[in-house]
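> Below are the sequence and a predicted model for it; my questions follow.
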Amino acid sequence: SHANPMSKIIEVEVRGNLSESEYDALKNKLESEAELVERHDRTMYLLRDYAGYTKDFVGRSTDIRLRNTDGKCEIMLKQKVGDAREEVSLKLFDTDLEQAKKVVKALGCTSAIEMHRLKEVFMLHGVEWSLVKAPPSDIMYWEAEISVDDVSKVDAAHARLAEEAQALGVPMLDDEGTRDLIHRLDTEANTEVKL
């Protein structure tokens, strides 16, 4: 889904809640129909105290996080472009985030929201499906994502995601529902930490 490195990567994503039985049912469906891309364990630190940060996930124009995925570390920048987000990844040589934390702290980001996610990622009909668990809570949800290289393609990608979700029989969250899910994650799964 990634075009030449000079082009933008705009990620169009939707999500929905899953109970334990819905998680298992969707997982079975994806395991039989889709291609497993990866399973991973990821720790992220969502930075705050920078220009463009706002607590509201849906309205946030700039999202910067330190990310460690099974020892692969990077700084992720996501910037809002219409109803989607342009994504920039700065790969780090380190296998943990200790040095990165020192650097961003010196830049003025002294606290962060720590998140732990377990993901199973599948590819079906050109859509990337993730089944997500958010320890220590029992929250489970799915995300479906298409990457496009131009903002003019966002609406079509969104419509396509809605169709694919309907085909798999999983209800999709609107902005309000997404805010509720993020609020639950903030309350039950995420932790505020000092860097």
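Nice, I can see it.

> going forward, measure contacts between C-alpha atoms and count neighbours the same way
Noted.

> Read off the pLDDT value for Ala51.
Ala51 is assigned 83 on the pLDDT scale.

> if I look at it, how far off is Thr62?
In this view, Ala51 and Thr62 are 8 Å apart by Cα to Cα, to the nearest Å.

> likewise Leu181?
For Leu181, the distance to Thr62 - Cα to Cα - is 20 Å.

> Likewise for Leu97?
Counting by Cα to Cα - Leu97 and Thr62 are separated by 21 Å.

> Between those two, which is the more surrounded one?
Leu97 (21 against 18; other Cα atoms under 10 Å).

> shouldn't the more buried one be in contact with Cys73?
Yes - Leu97 is within contact range of Cys73, at 6.8 Å (criterion: Cα atoms under 8 Å).

> and for those two, which residues touch both?
Counting by Cα atoms under 8 Å, 6 or more residues apart in numbering, the common neighbours of Leu97 and Cys73 are 66-67.

> contacting residues for the spatially most central residue of the chain?
By Cα atoms, centre = their mean, the chain has its centre lying nearest to Glu143, at 7.7 Å. Counting by Cα under 8 Å, 6+ apart, Glu143 touches 13-16, 129-132.

> which of these tops the neighbour count?
Counting neighbours by other Cα under 10 Å, Trp129 leads those with 26 neighbours.

> and Phe93, backbone torsions?
Per-residue torsions, Phe93: phi -70, psi -30 (degrees, to the nearest 10).
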